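J.: Sequence and predicted model, in that order:
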Amino acid sequence: MKKASLRKTSVFPAVLVLLALLGPAAWSQTLSRADMIDYLAQSICLDPTGKPSDALPIDADCRDARPQRAEDNAPWRKHDWPNSLAGVETVQGYQASDSVVQRRGARTLIVQTFDFGTGGRVFGRFDGGLGRGGDGGQVLMLVDGWSSAAMTEDGGGGVQWFIGEACRSPAASDRRFLGWLMFRNEVRADAWTSVVARLNIAASPESCPRQFNAAFTRYRLDRIAFPFRIIDAGSRVTPTIRRLDVVVSEHYGGRDIGSADHLERFFFARRLGLVRWERWSNRRVSRQRGDVETAAQLAGTARCPKLEGTPESPKLDTDGQPGGPPGRDWLLVDCRTWTALVRQARPWSVDRYGWTVLEQFDRLD
């Protein structure tokens with residue numbers, strides 16, 4: 001997902017070949033549907049009377065909150081970190097990404113916007129038709145205890161639906177979207193849980209591909225310290241660090257880690273939704289040229305700051321860090337960190353973004 005997008009070359013998941021990577025002392029939590037939404041969607045803080053307030057979910061005085069809905073006026077938005085070598089005009093970064101709840105018919109969707117604000121584009125509206133520079137987003141759904149990416153749109157690949165093998169069932173219903181899996185309601189805090197999913201890209205949600213690709217997927221709970229940039233209406237920046245409860249999800253382009261040519265890693269933080277995306281390339285397998293140079297350039301931008309886990313974090317990555325590589329041959333080639341919280345000077349809601357592709361969910365069976 002070249003965040004703005006789930007990249008076409010990184011297609012693969014759908015369900016159910018659970019692999020046991022669970023140690024004897026491992027333990028798990030069962031997340032309710034509301035708990036899962038708490039990780040997938042950002043929150044609106046509430047005052048003592050239950051009305052929305054201007055507080056940030058990371059503020060100590062945000063004692064009560066609820067998931068933000070698409071129609072809510074947003075007191076703040078998540079933006080990505082800018083290139084440290086760029087000019088002051090990029091203080092708000094390049095892309096805003098909201099994670100909100102929206103009802104479409106009988107369905108509850110988690111809508112994630114990828115809203116660019118540079119290069120002739122404007123924050124707050126859907127700027128389509130700009131080639132690879134156009135806006136986009138992705139939609140997550142909760143199906144059978146799984147959170148799963150149902151579709152995405154970006155300037156390069158257009159609209160893409162992620163369809164799993166359940167589309168072959170006569171009564172597939174929303175199980176057709178059990179393709180690009182993120183995490184299940186059973187999630188462990190001291191070990192990865194793994195599944196090999198199967199899926200393919202389709203041009204419409206009604207399509208059922210003839211073939212499906214394998215994607216090794218693993219996920220876990222963690223508590224990770226994230227750096228934040230709090231940006232007020234005058235573009236003044238206040239840095240801070242907050243430790244967040246996070247579900248980390250990894251999606252590999254292959255049936256296991258060793259044979260995968262790439263990895264996409266997602267960080268879903270409680271009360272904030274998606275706060276970081278990383279793309280890693282496996283030099284031993286990938287045919288993508290220029291990865292070494294790309295990784296070196298990215299490292300010099302500060303767009304992907306180092307993360308810090310707790311002493312109790314599962315040290316399952318080769319460098320012992322929550323954002324580390326899964327093996328020696330892996331290079332970080334792309335990243336977005338949406339922890340710049342930009343306060344909004346004017347009333348605005350995600351409904352005003354104008355992402356028309358969401359209307360297709362109204363026409364589903």
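T.: Okay, I see it.
J.: so residue 266 is in which element?
T.: strand 262-269 (DSSP states H and E).
J.: For that strand, give the mean pLDDT please.
T.: If you average the pLDDT over strand 262-269, you get 97.
J.: now the residue lying farthest from the centre of the chain: how far from residue 344?
T.: In the chain, residue 49 marks the outermost C-alpha relative to the chain mean, sitting 32.1 Å out by Cα atoms, centre = their mean. Using Cβ to Cβ, to the nearest Å, residue 49 is found at 22 Å from residue 344. Quick note: C-beta positions are derived from backbone N, CA and C, even for glycine.
J.: got it, and residue 177?
T.: 32 Å.
J.: Compare the two and say which is more crowded by neighbours.
T.: residue 177 (30 against 16; other Cβ atoms under 10 Å).
J.: The more buried one is in contact with residue 150, isn't it?
T.: Yes. Under the criterion of Cβ atoms under 8 Å, residue 177 makes contact with residue 150 at 4.3 Å.
J.: Nearest the geometric middle of this structure, what residue?
T.: Closest residue to the average C-alpha location of the chain: residue 274 at 4.2 Å, with Cα atoms, centre = their mean.
J.: distance of the nearest residue to residue 233 once chain neighbours are set aside from residue 235?
T.: Leaving aside its sequence neighbours, residue 233 sits nearest to residue 345 (Cβ to Cβ, 6 or more residues apart in numbering; 4.3 Å). With distances taken as Cβ to Cβ, residue 345 is found 10 Å from residue 235.
J.: Now the following helix or strand past the strand holding residue 266: buried residues?
T.: The helix or strand immediately downstream of strand 262-269 is strand 273-282, counting by DSSP H and E. Residues of strand 273-282 classed as buried by neighbour count (16 or more other Cβ atoms under 10 Å): 273, 274, 275, 276, 277, 278, 279, 280, 281, 282.
J.: Which member of those is positioned nearest residue 115?
T.: residue 274 (13.2 Å; Cβ to Cβ).
J.: What about the closest residue to that closest one other than its chain neighbours, how many residues nearby?
T.: Among residues not flanking residue 274 along the chain, residue 99 sits closest, at 5.3 Å (Cβ to Cβ, 6+ apart). Residue 99: 27 surrounding residues under other Cβ under 10 Å.
J.: now do residue 359
T.: 9.
J.: What is the three-state secondary structure of it?
T.: Per DSSP: H, G, I helix; E, B strand; the rest coil, the local secondary structure of residue 359 is helix.
J.: got a pLDDT number for it?
T.: 93.
J.: Likewise for residue 77?
T.: 98.
J.: Let me know the secondary structure of it.
T.: Going by three-state DSSP: residue 77 is strand.
J.: For it, give its distance to residue 145.
T.: From residue 77 over to residue 145 (counting by Cβ to Cβ), the distance is 30 Å.
J.: do residue 212 as well
T.: Residue 212 sits 21 Å away from residue 145, going by Cβ to Cβ.
J.: who's more crowded, those two?
T.: Per other Cβ under 10 Å, whichever of residue 212 and residue 145 has more neighbours is residue 212, with 21 against 13.
J.: isn't that one right next to residue 164, touching?
T.: Yes. The pair residue 212 / residue 164 is scored as a contact, 7.2 Å apart, by Cβ under 8 Å.
J.: check contacts around the residue nearest to residue 284 when sequence neighbours are not counted.
T.: Distance criterion Cβ to Cβ, 6+ apart; nearest residue to residue 284, sequence neighbours excluded, is residue 329 at 4.3 Å. Counting by Cβ atoms under 8 Å, 6 or more residues apart in numbering, residue 329 touches 282, 283, 284, 285.
J.: let's go with 7 Å and repeat that
T.: 282, 283, 284 (Cβ atoms under 7 Å, 6 or more residues apart in numbering).
J.: Please apply the same query to residue 340.
T.: Residue 340 neighbours (Cβ under 7 Å, 6+ apart): 79, 80, 81, 92, 93, 229, 231.
J.: Quick check, the second one in contact with residue 339.
T.: No. With contacts counted by Cβ atoms under 7 Å, residue 80 stays clear of residue 339, the gap being 8.5 Å.
J.: so what sits against both of the two?
T.: By Cβ under 7 Å, 6+ apart, no residue touches both residue 80 and residue 339.
J.: close enough to count as contact, the residue nearest to residue 233 and residue 232?
T.: No. The pair residue 345 / residue 232 is not scored as a contact, 9.1 Å apart, by Cβ under 7 Å.
J.: quick one: which of the two has more around it?
T.: Neighbour count, other Cβ under 10 Å: between residue 345 and residue 232, residue 232 has more, with 12 against 9.
J.: Would you mind giving the dihedral angles phi and psi of the more buried one?
T.: Main-chain torsions, residue 232, degrees, to the nearest 10: phi -90, psi -180.
J.: can you list the contacts of residue 329 in a markdown table and add distance to residue 258 and pLDDT?
T.: Converted to a markdown table, the contacts of residue 329 look like this (distance: Cβ to Cβ, whole Å; pLDDT from 0 to 100):
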| residue | distance to residue 258 | pLDDT |
| --- | --- | --- |
| 282 | 8 | 96 |
| 283 | 13 | 93 |
| 284 | 8 | 92 |
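J.: Closest one to residue 184 out of those residues, please.
T.: Nearest member of those to residue 184, counting by Cβ to Cβ, is residue 282, at 25.2 Å.
J.: Please tell me I have it right and the closest one contacts residue 260.
T.: Yes. Shown here, residue 282 and residue 260 form a contact pair, counting by Cβ under 7 Å, at 6.0 Å.
J.: ok, back up a step: surely the residue nearest to residue 274 and residue 271 touch.
T.: No. Residue 99 is beyond contact range of residue 271, at 10.1 Å (criterion: Cβ under 7 Å).
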